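Engineer: model the structure of this input:
(one chain, ligands or ions: 1)
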Amino acid sequence: MIEFRNVGKTYQDGTAAVEEFSLKVPSHSTAVLLGSSGCGKTTLLRMVNRMVEPSSGSVLIDEEDISGVEPVALRRRIGYVMQHSGLLPHRRVIDNIATVPRLNGASRAEARRRGYELMEIVGLDTALGTRYPGQLSGGQQQRVGVARGLAADPNILLMDEPFGAVDPLVRIELQRELARVQEELKKTIIFVTHDIDEALTLGDQIVVLKAGGVIAASGTPEELVQNQQDEFVSRFLGLDSGRRSLKAAQTEDGGLLISDAQGRPLGVVEPEPERADRP
Ligand SMILES: Nc1ncnc2c1ncn2[C@@H]1O[C@H](COP(=O)(O)OP(=O)(O)OP(=O)(O)O)[C@@H](O)[C@H]1O
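Structural biologist: Numbering: from 1, shown residues only. So this is what the prediction gives:
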């Protein structure tokens, strides 16, 4: 489990990026930090691998306060995937993926073997392993970024808008792929995004943030969509514009009652009649 305990961050220039933030992310689940630009998402994410030191409060991994863990050692056991894949341009794809296992002491052959395995896991043709990152599409580069994040087999994966720079269709494909990978690998993931659909697709828990890292709402996707107490949240989720407002409930005769976000019935979808020509 990852726990943020009353963390705050004021940068040297006096910017209060996060005022006071607490959150528990259970092991093997995905928490999405969702919010608009500048609300402190990246700051919070980077506290977990000590790229940012909190000014107050603490971050714990499995009950251990990470301020006592050596940062380099910590980062080697936490995968980190960024928006622009962060790949080394002068190294082949396979060696980009194999970097951390190599640093962790794996032999070159073993690290590459693992690298090719990971390429398959994230849906990349292994023939691309000998290319350089610049010879791949944006979507392929992001897959390499994910494979690299997983290379040291970390329990924790930090993902900072990893699919932000690819076109919408590829983005949806990458989201599906990540959901599939997570189904299999069950990592503890913190995923930062400002894309609501992405959050609803990937999050077991979604934390909607306002400026200063203030939690406006948190819950499962269903809870967020169904319990709209906060105007900021409902505006942010687009519910008031009707985008995600439809709900369906089973009626007694097997049909579906469709209602809007306020519970106003809009109509009933009748059950399909028995067809005589069907066996
Ligand atoms: N190194 C820094 N020095 C000073 N201020 C910083 C620094 N890094 C971030 N900030 C400020 O802290 C606030 C939160 O930034 P952060 O990057 O955490 O937000 P974010 O929600 O991830 O934004 P985005 O979605 O644009 O990446 C912003 O006001 C930002 O300008």
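
Engineer: can we go C-alpha only for contacts and neighbour counts from here?
Structural biologist: Noted.

Engineer: get me the contact residues on the stretch 1-150 of the chain for the ligand.
Structural biologist: For the stretch 1-150 of the chain, the residues in contact with the ligand (CA under 6 Å from any ligand atom) are 11, 13, 15, 17, 36-43.

Engineer: so which of these is surrounded by the most neighbours?
Structural biologist: residue 41 (28 neighbours; other CA atoms under 10 Å).

Engineer: which pLDDT value goes with that one?
Structural biologist: Here, the pLDDT recorded for residue 41 equals 95.

Engineer: that one and residue 199, how far apart?
Structural biologist: With distances defined as CA to CA, to the nearest Å, the gap from residue 41 to residue 199 amounts to 13 Å.

Engineer: and residue 129, how far is that from the ligand?
Structural biologist: For residue 129, the distance to the ligand under the criterion CA to the nearest ligand atom, to the nearest Å works out to 30 Å.

Engineer: okay, now that residue: neighbour count?
Structural biologist: The local packing count at residue 129 equals 20, with neighbours defined by other CA under 10 Å.

Engineer: anything in contact with each of residue 41 and residue 199?
Structural biologist: Listed as contacting both residue 41 and residue 199 by CA atoms under 8 Å, 6 or more residues apart in numbering are residue 34.

Engineer: next, count neighbours for the residue of the stretch 51-200 of the chain found nearest the ligand.
Structural biologist: With CA to the nearest ligand atom, the shortest gap between the stretch 51-200 of the chain and the ligand falls at residue 194, namely 6.6 Å. The burial metric for residue 194, expressed as a neighbour count using other CA under 10 Å, is 19.

Engineer: touching, it and residue 40? I think so.
Structural biologist: No: taking CA atoms under 8 Å as the contact criterion, residue 194 and residue 40 are not neighbours in contact, 11.5 Å apart.

Engineer: check the secondary structure at residue 79 for me.
Structural biologist: strand (DSSP: H, G, I helix; E, B strand; the rest coil).

Engineer: who are the contact partners of residue 3?
Structural biologist: Residues counted as contacts of residue 3 (CA under 8 Å, 6+ apart) are 22-25, 59-61, 63.

Engineer: please report phi then psi for it.
Structural biologist: Its backbone dihedrals place residue 3 at phi -130, psi 130, with angles given as degrees, to the nearest 10.

Engineer: state the pLDDT value of it.
Structural biologist: pLDDT, the model's per-residue confidence, is 98 for residue 3.

Engineer: repeat that for residue 267.
Structural biologist: Confidence for residue 267, expressed as pLDDT, is 62.

Engineer: helix or strand: which one has residue 9?
Structural biologist: Counting by DSSP states H and E, the secondary-structure element that holds residue 9 is strand 2-10.

Engineer: neighbouring strands of that strand in the sheet, and parallel or not?
Structural biologist: Each strand that strand 2-10 pairs with, and the sense of that pairing, follows from DSSP bridges: strand 16-25 (antiparallel), strand 56-61 (antiparallel).

Engineer: now the ones you listed as CSV including mean pLDDT?
Structural biologist: Below are the strands paired with strand 2-10 laid out as CSV (pLDDT from 0 to 100):
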stretch, mean pLDDT
strand 16-25, 97
strand 56-61, 98
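
Engineer: which element is the closest residue to residue 118 other than its chain neighbours on?
Structural biologist: Taking CA to CA, 6 or more residues apart in numbering, and ignoring the residues beside it in sequence, residue 118 has residue 147 as its nearest neighbour in space, at 5.5 Å. For residue 147, the element it lies in under DSSP H and E is helix 138-150.

Engineer: any chance you could map the helices in the stretch 151-279 of the chain?
Structural biologist: Using DSSP state H, counting those that start in this stretch, the helices of the stretch 151-279 of the chain run over 168-185, 196-202, 221-226, 231-237.
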